[in-house]
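**Q** Need the 3D shape of this:
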Amino acid sequence: MLKAVGEAFVVVGAGARLWLRHWPVLLTIALFALAGRMGAIWLAVRVSEVQNTLGVLVVVLAPLCAVTGIVLMLYTLRHSLPTIHEASTAAGPEDRVRHRERRLLDILASVLVPFLAVYASYGFLRQDIDRYTNAIFGEEFTSEAIFAGMRDANLDRFGFAEGWQLVAIVVVAVALKFGLAKLEAHRAWAGFGFLGAYVEVLWLATIAIHLTTWKDSAWDWAESRRGVEMFVEGWEALLDRLGPFADAADIAGAWALDLVSSVDSLVIVPIAWLTVGAVVYGHRLVEPPPVREPRLLRAVPGPVRRAGTELTGEIAERFSGLFGGLRQLAVAGLGPMLIFALAFLASQRLEDALNELTRWIIGPQTAGTWLAFSPHVQTVTRAVGLTVTMCLLAAAVERVLAKGGAVIEEEHTDDAGEPEEAQPQPA
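**A** This is a model prediction of the structure:
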């Protein structure tokens, strides 16, 4: 117990020193990233006037701006932490498709999956959708031309890809990312990498948007079931029988329900943040997975089989950083994760405190004035909270790598198909 408390103080102390040393640069990056997020939504609304698909293609730039800011802040901190700095200078494995050293941009999907989990848990993904659709709603249904009967509301501007369109976006995006990687192998142009990053964000963010919507629909469906209603009625009947103990039981039940509903912020978000940090800092330490021919392709002609094997291998390599990061956390054990989770929850309260302090400094305002300025106030307080979170995250990942998380073992096979002895990768 005392050791865990000591570890917590070490992480918090290291995070505080990082923040004091780097806060001007971190705050600048955070403000630019959040401004880019809002600018992407504004631009998406504008281009949706031309074609609704263009609006959807632009709105996914909002999470891309946010994740870019996260990566830049973590890169800013890496030179101040010895283990992370050593890991960042190690030679990365060779990219099999591009035939050069693998970069973080090549495995951006490994960062995006845990990041989008955080982004959705914070409610930012829902905010992006709501800001986009509400802005369009305001333009379409408050237009003087519509009230004058000169034109009808353009309802197509609200559309997101669904059904077969969603499947088509995912399939085309995955194939396009692979094609851009092949082009980069023949011509080294940085633009191919950035286009591939956009394509990666496009299909992952589109799926995340629909998962958020489906989650809300599933929760509404569950609440409308007769079984839930019977449980509520039974609970109320039990409280009636408890008499003077009913209030205590009701408080305990509400606390247990809040605990279950807070699993995102208590478990998923801290682990997702740690995974993001482990991938950004430790992706050079993770060897690509061995290429295996899928069984479904064994019956097709040779050229198709080879192309399919190469495609599936490239997809597996995109997510190798994610699984490698999770293994890094597993090697380090539960200690650093629990310590970061506690420190992370404390840092989250900082943003709430800054919002209350700002309201106290500004003083009472009319509702219209506060609604006009509150997005800007929240952007600044959120940027400050994000700088603190990144410093704690970097300090926690430093402890993870220092405790052995930098040693990643991969099982390789020789030409005969027998497994070779795994070699630890040096930090």
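
**Q** How about the contacts made by the closest residue to residue 322 other than its chain neighbours?
**A** The spatially closest residue to residue 322, leaving aside those adjacent along the chain, is residue 110, at 3.8 Å (CB to CB, 6 or more residues apart in numbering). C-beta: built from backbone N, CA, C; applies to glycine. Going by CB atoms under 8 Å, 6 or more residues apart in numbering, residue 110 touches 279, 283, 318-325.

**Q** Just those residues: which are in helices?
**A** Counting by DSSP state H, these place 279, 318, 320-325 in helices.

**Q** Closest one to residue 196 out of these, please.
**A** Nearest to residue 196 out of the ones in helices among the contacts of residue 110 is residue 318 (CB to CB; 9.6 Å).

**Q** pretty sure that closest one contacts residue 107?
**A** Yes. Taking CB atoms under 8 Å as the definition, residue 318 is a contact partner of residue 107 at 5.4 Å.

**Q** follow-up on the earlier one: what strand or helix carries the residue nearest to residue 322?
**A** Per DSSP states H and E, residue 110 falls inside helix 108-121.

**Q** Let's see that helix as PDB, backbone CA atoms only.
**A** Taking C-alpha atoms only, helix 108-121 is exported to PDB below (Å, rounded to 0.1, in the frame of the first residue of the first chain):
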ATOM      1  CA  LEU A 108      -2.000   5.900 -37.000                       C
ATOM      2  CA  ALA A 109      -5.000   3.500 -36.600                       C
ATOM      3  CA  SER A 110      -3.300   2.100 -33.400                       C
ATOM      4  CA  VAL A 111      -3.500   5.600 -32.000                       C
ATOM      5  CA  LEU A 112      -6.900   6.500 -33.300                       C
ATOM      6  CA  VAL A 113      -8.800   3.500 -31.800                       C
ATOM      7  CA  PRO A 114      -8.000   4.300 -28.100                       C
ATOM      8  CA  PHE A 115      -8.100   8.000 -28.800                       C
ATOM      9  CA  LEU A 116     -11.600   7.800 -30.400                       C
ATOM     10  CA  ALA A 117     -12.700   5.800 -27.300                       C
ATOM     11  CA  VAL A 118     -11.600   8.700 -25.100                       C
ATOM     12  CA  TYR A 119     -13.000  11.200 -27.600                       C
ATOM     13  CA  ALA A 120     -16.400   9.500 -27.500                       C
ATOM     14  CA  SER A 121     -16.400   9.000 -23.700                       C
END
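
**Q** Now do that helix: distance to the chain's middle.
**A** Centre-to-centre, helix 108-121 and its host chain are 2 Å apart (CA atoms, centre = their mean, to the nearest Å).
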